[in-house]
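> no sequence on hand, only this structure:
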């Protein structure tokens, strides 16, 4: 186990954020991951950093605060005031965010309070969000195994089994995980090249859940895969693991209905068996068998959170999907399923966005929001037909997978 944790720490620092010598680093993590944060700290100093900041949160303490304090009082706490991100954004730091929330912990907290404090958490770090949106910083999101999530997924001795699942998904069991990721990045980018050559104008999704959704892309939409570069040329992998290729659609070009295929955990709230209906890009109708108020909180979190910012393609037979594990963590579950995201798009996925302000981005069809929430829609029978800008129709997904694999 210790050897694998060492390899995992190396992966996150050397490939995830690609930490450079003397570059500051901010580590955000649950306090329950303290031992792993210690290991990351040791390795980061060995790589030459001279400045490490920490955003460590005890989830039980956060729960107590949510239960007993008002929203205004909560905004003053370290649980939701994330100004430290802006402090490190000024330093051109790398940002490593570790996730492992207990999905059941916040079930007795008012969803409206969760939604409002989540909005403040995001808006309390405007410089960081701006630099992240403009691809000016390196950042990586990854997971750690905790006792609570491990037992939720696997039962007794679940934490060790969850670590094993993380190691499998992140190629840690390969002889050389770093080389395995280099190969994976090259293979994924082959898919993006194929998609970009097609010059897709519209994607039409259908499946047996009832999904019948058309999504228009922009003339300048670019498909991106694993790994990207900052404007200064620093390569990083924003999500570890990742199985997706993704782009940013035309914010006003989505019409039809889409049904979720997996549960969504949003700041501790469960949202299950939901649908969204779109008209001219905007969510106009929605419902959920569980978590409707939390879903409402996402859609109404700001004026543009009801529009799509991301379209992502993932094989139904991806390794994480084949594991048959529902992680109850979007970072993993989205890599087992095609997914969409409400909220802000990615500027690297649209041509000619450099130097554009919010008003200009919105005018060109890019969605600008303080939120970004992925939700899973992929199924075994998902079909996606692409219409190109020159009028050709091409089936790019068949039986849940890229059509070339069937």
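Nice, thanks for sending it over. Quick caveat, the model's predicted, so the values are computed rather than measured. Numbers count the residues shown, from 1 in each chain.

> partners of the helix or strand hosting residue 97, with directions?
Of the helices and strands defined by DSSP states H and E, residue 97 is found in strand 94-99. Here the strand partners of strand 94-99, with direction, are listed using DSSP bridges: strand 25-30 (parallel), strand 139-143 (parallel).

> low-confidence stretches in this protein?
Confidence mapping of the chain against pLDDT under 70 gives the ranges 404-406.

> domain-wise, how is it divided?
2-169, 190-405 (automatic domain parsing).

> quick one: these as JSON lines, columns for mean neighbour count and distance to residue 176 too.
Heads up, the C-betas are built off the backbone N, CA and C, glycines and all. JSON lines is the format used below for the domains of the chain (neighbours: other CB atoms under 10 Å; distance: least, CB to CB, whole Å):
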{"stretch": "domain 2-169", "mean neighbour count": "18", "distance to residue 176": "9"}
{"stretch": "domain 190-405", "mean neighbour count": "19", "distance to residue 176": "16"}
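
> now for those domains, which one comes closest to residue 184?
Between residue 184 and these, the tightest spacing by CB to CB is seen for domain 190-405, at 6.2 Å.

> quick one: the helices in the protein?
Counting by DSSP state H, one finds helices in the chain at the ranges 2-11, 34-46, 59-68, 71-74, 83-89, 111-123, 126-133, 147-154, 158-169, 177-198, 292-299, 319-322, 330-333, 358-363.

> first-to-last residue distance for stretch 229-241?
Between the opening and closing residues of stretch 229-241 we find a distance of 17 Å, counting by CA to CA, to the nearest Å.

> repeat for stretch 20-40
Between the opening and closing residues of stretch 20-40 lies a distance of 14 Å (CA to CA).

> ok, stretch 359-372 next?
Using CA to CA, the gap from the first to the last residue of stretch 359-372 comes to 18 Å.

> ditto for stretch 340-354
Stretch 340-354 has an end-to-end distance of 24 Å (criterion: CA to CA).

> try stretch 98-118
Across its full length, stretch 98-118 reaches 17 Å between end residues, using CA to CA.

> same check on stretch 207-223?
Here the two ends of stretch 207-223 are set 23 Å apart, with distance taken as CA to CA.

> swap in stretch 105-113?
14 Å.

> also stretch 309-317?
End-to-end distance for stretch 309-317, by CA to CA: 25 Å.

> how far away from the center of its chain is the strand holding residue 97?
From the chain centre to the centre of strand 94-99 is a distance of 12 Å (CA atoms, centre = their mean, to the nearest Å).

> give me the contact list for that strand.
Contacts of strand 94-99 with the rest of the structure, by CB atoms under 8 Å, 6 or more residues apart in numbering, involve 12-13, 16-20, 23-30, 33, 36-37, 40, 85, 88, 128, 132, 137-144, 236, 329, 331.

> over to stretch 143-153?
Residues from elsewhere that reach stretch 143-153 (CB under 8 Å, 6+ apart): 29-30, 32-33, 36, 98-105, 157-163, 165-166, 325-329, 331-332.

> off-centre distance for it?
Its chain's C-alpha centre and that of stretch 143-153 lie 19 Å apart, by CA atoms, centre = their mean.

> please apply the same query to stretch 160-167.
Averaged C-alpha coordinates place stretch 160-167 at 20 Å from its chain's average position (CA atoms, centre = their mean).

> before we move on, back to that, any idea which of the domains of the chain gets closest to residue 181?
Closest to residue 181 of the domains of the chain is domain 2-169 (CB to CB; 5.2 Å).

> quick one: end-to-end distance for that closest one.
Using CA to CA, the end-to-end distance of domain 2-169 comes out at 17 Å.

> angle of the strand holding residue 97 against helix 34-46?
Angle, strand 94-99 to helix 34-46, by axes from the mean of the first three to the mean of the last three CA atoms, to 10 degrees: 170 degrees.

> what angle sits between strand 94-99 and helix 2-11?
Counting by the same axes, to 10 degrees, strand 94-99 lies at 130 degrees to helix 2-11.

> can you give me the angle strand 94-99 makes with helix 126-133?
Strand 94-99 runs at 100 degrees relative to helix 126-133, counting by the same axes, to 10 degrees.

> circling back to that earlier point, mind putting the domains of the chain into a markdown table with distance to residue 184?
Conversion of the domains of the chain to a markdown table gives the following (distance: least, CB to CB, whole Å):
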| stretch | distance to residue 184 |
| --- | --- |
| domain 2-169 | 10 |
| domain 190-405 | 6 |
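
> out of the ones you listed, which is closest to residue 180?
Taking CB to CB as the criterion, residue 180 comes closest to domain 2-169 out of those, the separation being 9.4 Å.
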